[in-house]
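> when you get a sec, could you give me coordinates for this:
(2 chains)
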Amino acid sequence: NAGVTQTPKFRILKIGQSMTLQCTQDMNHNYMYWYRQDPGMGLKLIYYSVGAGITDKGEVPNGYNVSRSTTEDFPLRLELAAPSQTSVYFCASGVLGSGANVLTFGAGSRLTVL
Amino acid sequence: AQTVTQSQPEMSVQEAETVTLSCTYDTSESNYYLFWYKQPPSRQMILVIRQEAYKQQNATENRFSVNFQKAAKSFSLKISDSQLGDTAMYFCAFIWGGSEKLVFGKGTKLTVNP
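Predicted coordinates for the structure are as follows:
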C-alpha cells in the first residue's frame, strides 16, 4: 500500500517555465488536496477536490491549475513559474465524515524557481 | 471564520522530560475534529493524535496525550518522556463537520535536547 505518492521530489525551474507536480493515491479516497509550505510557515491550501471531475480553489490558487479526471490522480500545474512559487508542495488525500476526517500526506515536492 | 492559533513558535525540552504545546481555535460549530500533526526534518507529515469534539475523554496515543478544553477552545498536546526523535514541527489542525478543508495552525518547532 503506497499511500500518497508525489513526483518529482525536487525540481528547479527557470522563471516563466511550466511544470506539473504529480500526485497519486491508492486508498480510494474521494478528497484530495494540494498545499504549499513556505520556509518556517504552516500549510496553505492551493486547490482541493471532493471527487473525480470536481475541483475548487483554496486560499492561494493564483498561478496554479488542477484537474481530477480519476479518483487516484490529482496533478498540480504551475504556469509561468515565478520566484514566489518557490516552496515545498504537499499533496494529501482523505475520507471526510464522521469517524474519519484524517488526511494522509505525500512526502512533499521541493520546487525552486530561479 | 474558523482559525487555529499556535502561540509558541519554538520550544525546547530536555530528553526524558515532559513538554506541552498549546493550540487554541475559534469556531461556532459544535461538531468538529482536532488533530496534531508532526513534521520531522524529513518533511513527512505524520498524524500524531486526533480528538472528536463530542468526546469528553482526552485522546491518548502512547507518550502523546491531549488536554481538550471545549469551553475554552483549547487543545494542547503533551509529550511525555521526550525523545530525540520527537524533534519536529508540530501542527495543530481543525475541521468541522460538513466542511471539506482542514485548517492548520502555523506550527511550533520543538527541539529535544540530549
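
> any idea how far residue A:17 is from the closest residue to residue B:79 other than its chain neighbours?
Spatial nearest neighbour of residue B:79, excluding adjacent residues (CB to CB, 6 or more residues apart in numbering or on different chains): residue B:19 at 5.2 Å. Backbone N, C-alpha and C define where each C-beta goes, glycine included. Distance of residue B:19 to residue A:17, computed by CB to CB, to the nearest Å: 44 Å.

> same check, this time on residue A:38
As judged by CB to CB, residue A:38 and residue A:17 stand 20 Å apart.

> now swap in residue A:110 and tell me
Here the distance between residue A:110 and residue A:17 works out to 16 Å (CB to CB).

> ok, now which ones touch whatever residue of chain A ends up closest to chain B?
Minimum separation of chain A from chain B (CB to the nearest CB) falls at residue A:105, amounting to 3.8 Å. By CB atoms under 8 Å, 6 or more residues apart in numbering or on different chains, the contact set of residue A:105 is A:4, A:90, A:91, A:92, B:44, B:45, B:46.

> rerun at 6 Å
Neighbour list for residue A:105: A:90, A:92, B:45 [criterion: CB atoms under 6 Å, 6 or more residues apart in numbering or on different chains].

> from those residues, which is closest to residue A:114?
Closest approach between the contacts of residue A:105 and residue A:114, by CB to CB: residue A:90, at 21.7 Å.

> and the nearest residue to the closest one once chain neighbours are set aside, what does it touch?
Distance criterion CB to CB, 6+ apart; nearest residue to residue A:90, sequence neighbours excluded, is residue A:35 at 4.6 Å. By CB under 6 Å, 6+ apart, residue A:35 lies in contact with A:43, A:45, A:90.

> ok, what's across the strand from the closest residue in space to the first one that isn't next to it in sequence?
Counting by CB to CB, 6+ apart, residue A:35 is the residue found nearest to residue A:43 once chain neighbours are left out, at 4.2 Å. Partner residues in beta bridges with residue A:35: residue A:45, residue A:90, with DSSP bridges as the criterion.

> ok, residue B:103 next?
Residue B:103 forms beta bridges with residue B:94, as assigned by DSSP bridges.

> how many neighbours does it have?
By the criterion of other CB atoms under 10 Å in any protein chain shown, residue B:103 has 22 neighbours.

> these two touch, right, it and residue B:1?
No: counting by CB atoms under 6 Å, residue B:103 sits too far from residue B:1 to count as a contact (8.8 Å).

> who are the contact partners of the closest residue to residue A:70 other than its chain neighbours?
Distances taken as CB to CB, 6+ apart put residue A:52 closest to residue A:70, at 5.8 Å, once the chain neighbours are dropped. Residues counted as contacts of residue A:52 (CB under 6 Å, 6+ apart) are A:68, A:70, A:71.

> wait, a helix at the last one?
If I follow you right, that is residue A:71. No: membership of residue A:71 in a helix is not supported by DSSP: H, G, I helix; E, B strand; the rest coil, which gives coil.

> could you check how far the nearest residue to it once chain neighbours are set aside is from residue A:30?
For residue A:71, ignoring the flanking residues on the chain, the nearest one in space by CB to CB, 6+ apart is residue A:52 at 5.3 Å. As for residue A:52, its distance to residue A:30 is 8 Å (criterion: CB to CB).
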